[in-house]
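Asker: Got a sequence here, can you build the structure:
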Amino acid sequence: MTPEGKAALDKIRETRGYTLPVHDYLAELDPEMLRRYGDLATYTLFGEAEGRPMDLKTRFLVLVGVTTAVKGDSEGVEWAAIRAIENGATWKEVYEAAFMAALPAGIPAFEASCHHFDRMKEGKGRVDLKVPDENVNT
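Answerer: This next block holds a predicted model:
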């Protein structure tokens, strides 16, 4: 891997807390493409809330629903749920965001996310659950 590819991966890891295999492949394929993709995702997900219609909590709740609907990987569902909670969401709001995906995507999509949530609460998730104690069971 080139130094540019490694730098792009490091930047994504610093912002998101992890990287996915797609990031590794893009780092090898075209580090500039990965950098631009990373910048777009960082702005879309984490960009300043001022002047934007949705705050961070809402953006991550939307991402929980979308990731559930497209039957996303466990890291994506877990990561979106954690970020929503870190930004003030309760577990009930996370559940509702995932359930909203059941209408267009079907109950199995929601059920898959519920399994991820259960593993997270047991400390067995693929992404570390570091949320305020008051949000863990609500």
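
Asker: Please verify my assumption that E75 contacts V22.
Answerer: No. The criterion here is C-beta atoms under 8 Å, and E75 misses it with V22 at 10.8 Å. No exception for glycine: its C-beta is placed from N, CA and C like everyone else's.

Asker: got a list of what T58 touches?
Answerer: By C-beta atoms under 8 Å, 6 or more residues apart in numbering, T58 lies in contact with nothing.

Asker: Give me the pLDDT for it.
Answerer: pLDDT, the model's per-residue confidence, is 94 for T58.

Asker: Kindly provide the distance from it to A89.
Answerer: Per C-beta to C-beta, to the nearest Å, T58 is found 9 Å from A89.

Asker: Can you mark which positions in the host helix or strand of V77 are buried?
Answerer: Applying DSSP states H and E as the criterion places V77 in helix 74-86. Buried residues in helix 74-86, defined by neighbour count with 16 or more other C-beta atoms under 10 Å: S74, E75, G76, V77, E78, W79, A80, A81, I82, R83, A84, I85.
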